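Model the structure of this input:
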Amino acid sequence: MARAANYDRDAALDAAMAVFWRKGYHATSLKDLEAALNMKPGSIYAAFESKENLYLLAISRYFEASREGFRAQMAKSTSPLAGLAAQFQNYIDLAGADRSRQACMLMKTLVDTKSTDPKIAKVSQNYLDQMCAEFAASFEAARDAGELPQDVDPKRLARRFQANVTALRVELMRGASKEDIAALAADMARETMMLGVAHS
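Numbering: from 1, shown residues only. This next block holds a predicted model:
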């Protein structure tokens, strides 16, 4: 097997993530990866072992970035509930070329591989579950802070929150107008803030 030439591993993984996210696991060819990573096939395999392993590294990178982005937003918010509501507002001003205008890579992966590549699908499902757990922890923090009643179920609220984020990103991917995205995001943010009122 050819030795991997000197390369920037982080840059290569970012490039792989971008093309996999856009095209999906099955539709991404070796030629696509060669062009994106600017590496020869032998170097790609020497560095990453296989297309499957490269994909797993790419979705791991996507998950870590998504989780850190969520935590950063929560850390700068005035309260847990406000931080959760702000997640929706973040999508309004995304630039046209921003990759986050696509549907969630983890969800796309699950749809793409559930019946064909159970290993990849299982990993993606696990990451989705971990993100849902992040949301649940924030709802639990909101409950502990007195923003939500003590009898609410943080896990149930987290599943609904995750479903709303997924729906918003699907609308972005469909090319909905900025006005429509702004209205939808505002509705979702308002509904999140009203949880503290609706259950009181």
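
So which elements touch the helix or strand bottoming out on mean pLDDT in the chain?
Here the helix or strand of the chain ranked lowest by mean pLDDT, DSSP states H and E is helix 178-198, holding a mean of 89. When contacts are defined as 3 or more CB pairs under 8 Å, 6 or more residues apart in numbering; DSSP states H and E, helix 178-198 sits against helix 80-89, helix 154-174. C-beta here means a position set from N, CA and C on the backbone, and glycine is covered the same way.

Please, where are all the helices along the chain?
In the chain, the segments counted as helices under DSSP state H are 9-23, 30-37, 41-48, 51-75, 80-89, 105-113, 118-144, 154-174, 178-198.

before we move on, back to that, flag every buried residue along the least confident helix or strand of the chain.
Neighbour counts over helix 178-198 (16 or more other CB atoms under 10 Å) mark 181-182, 184-185, 188-189, 192-193, 195-196 as buried.

Could you do stretch 113-124 as well?
Applying 16+ other CB under 10 Å to stretch 113-124 flags 113, 117, 120-121, 123-124 as buried.

Next: stretch 42-50.
Using 16+ other CB under 10 Å as the test for burial, stretch 42-50 gives 43-45, 47-48.

Could you export these to JSON lines, including columns for pLDDT and distance to Asp129?
Putting these into JSON lines (pLDDT from 0 to 100; distance: CB to CB, whole Å) gives the following:
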{"residue": "Ser43", "pLDDT": "92", "distance to Asp129": "34"}
{"residue": "Ile44", "pLDDT": "93", "distance to Asp129": "30"}
{"residue": "Tyr45", "pLDDT": "92", "distance to Asp129": "31"}
{"residue": "Ala47", "pLDDT": "93", "distance to Asp129": "29"}
{"residue": "Phe48", "pLDDT": "94", "distance to Asp129": "25"}
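
Could I get the contacting residues of the spatially closest residue to Gln125 that is not a sequence neighbour?
Distance criterion CB to CB, 6 or more residues apart in numbering; nearest residue to Gln125, sequence neighbours excluded, is Leu110 at 6.0 Å. Going by CB atoms under 8 Å, 6 or more residues apart in numbering, Leu110 touches 121, 124-125, 128.
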